[in-house]
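>>> this one's structure only:
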């Protein structure tokens, strides 16, 4: 599939008319599916799905690490002891140094 995407980019950037690019792309797709078995295509899709899940997990872990770092650097002074009392707004008493004194 990556070969198809690369071929499409090559055709578009080569100055071909859209019709020529589509004809060449169709020929490339025909060749790809003629030369690639359904099992190979399924394996490629599964590998891509695995890589996407791994990437999403890595991004989520990085975000959690960034939140932990922020919490360690600037602890939440308005954190309620009871988690049920948390209303999701910990910024009520924060004074922002901006003109006018408030943020919209």
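Alright, I've got the coordinates. Computed from a predicted model, the values in this text were never measured in an experiment.
>>> Tell me the secondary structure of residue 15, please.
coil (DSSP: H, G, I helix; E, B strand; the rest coil).
>>> Report the separation between it and residue 68.
Residue 15 sits 51 Å away from residue 68, going by C-beta to C-beta, to the nearest Å. C-betas here are computed from N, CA, C, even on glycine.
>>> pLDDT-wise, which helix or strand of the protein ranks last?
Using mean pLDDT, DSSP states H and E, helix 2-13 stands out as the lowest-scoring helix or strand of the chain, at a mean of 68.
>>> Tell me which helix or strand comes right after it.
Toward the C-terminal end, the helix or strand that comes next after helix 2-13 (DSSP states H and E) is helix 18-35.
>>> list the helices and strands that next one packs on?
Packing contacts for helix 18-35, counted by 3 or more C-beta pairs under 8 Å, 6 or more residues apart in numbering; DSSP states H and E, involve helix 2-13.
>>> Low-confidence regions, the chain specifically.
Across the chain, residues meeting the criterion (pLDDT under 70) sit at 1, 3-4, 7-8, 11-12, 75-104.
>>> What's the biggest helix in it, counting residues?
helix 38-73 (DSSP state H).
>>> burial count for residue 58?
10 (other C-beta atoms under 10 Å).
>>> likewise residue 48?
12.
>>> Over to residue 21?
19.
>>> and what of residue 65?
By other C-beta under 10 Å, the residues close to residue 65 number 10.
>>> Same check on residue 13?
Residue 13 is flanked by 9 other residues according to other C-beta under 10 Å.
>>> any idea how far residue 21 is from it?
For residue 13, the distance to residue 21 - C-beta to C-beta - is 10 Å.
>>> got it, and residue 27?
11 Å.
>>> now do residue 6
To residue 21, residue 6 is 13 Å away according to C-beta to C-beta.
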